[in-house]
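Novice: Coordinates only, no sequence provided:
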């Protein structure tokens, strides 16, 4: 639930600001998502940026959702696509990540790949 809340909080933040015509930067979105996880006590277990630009080759050269590795201060503008993928990783036990992709238009955003995942799906099992 923490990872899902972190993901959804970031989406809501982007949607609200794009609809209002307010400029936002990649690092600000990371701060929102990371803040949820940190507030829940797992900040040190969130060991990567919240998301990356998506281009023709998966990772693009546009704005990253990052205040962890580089503090991306570039603005999120219409026409960009990026991932939001917060995660919590408990070493030697398990990790949880939820990834969605967001496309920004002139006045709104679209989360691609609907419906948004709400259930945990185990994909790897350790012994």
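Specialist: Structure's in. What do you need? Everything numeric here is computed off the predicted structure, so don't read it as measured data.

Novice: Just grab the bridge partners of the residue nearest in space to the middle of the chain for me.
Specialist: In the chain, the residue lying closest to the centroid (Cα atoms, centre = their mean) is residue 84, at 2.1 Å. Beta-bridge pairing for residue 84 (DSSP bridges): residue 100.

Novice: Okay, it and residue 9: tell me how far apart.
Specialist: Applying Cβ to Cβ, to the nearest Å, the value for residue 84 to residue 9 is 10 Å. Any C-beta I mention is one placed from the backbone N, CA and C, and that applies to glycine too.

Novice: picking that back up, I'd say the residue nearest to the centre of the chain and residue 30 touch.
Specialist: No. Using Cβ atoms under 8 Å, residue 84 makes no contact with residue 30, being 9.3 Å away.

Novice: Please identify the buried residues of the longest helix along the chain?
Specialist: Taking DSSP state H as the criterion, the chain has its longest helix at helix 2-20. Of the residues in helix 2-20, 2-11, 13-15, 17-18 count as buried by neighbour count, 16 or more other Cβ atoms under 10 Å.

Novice: shared neighbours of residue 84 and residue 9, anything?
Specialist: Counting by Cβ atoms under 8 Å, 6 or more residues apart in numbering, the shared contacts of residue 84 and residue 9 are residue 33.

Novice: which residues touch residue 33?
Specialist: 6-7, 9-10, 50, 65, 84, 86.

Novice: one more time with 10 Å, if that's ok
Specialist: Contacts for residue 33 (Cβ atoms under 10 Å, 6 or more residues apart in numbering) come out as 3, 5-11, 13, 46, 49-51, 65, 67, 84-87.
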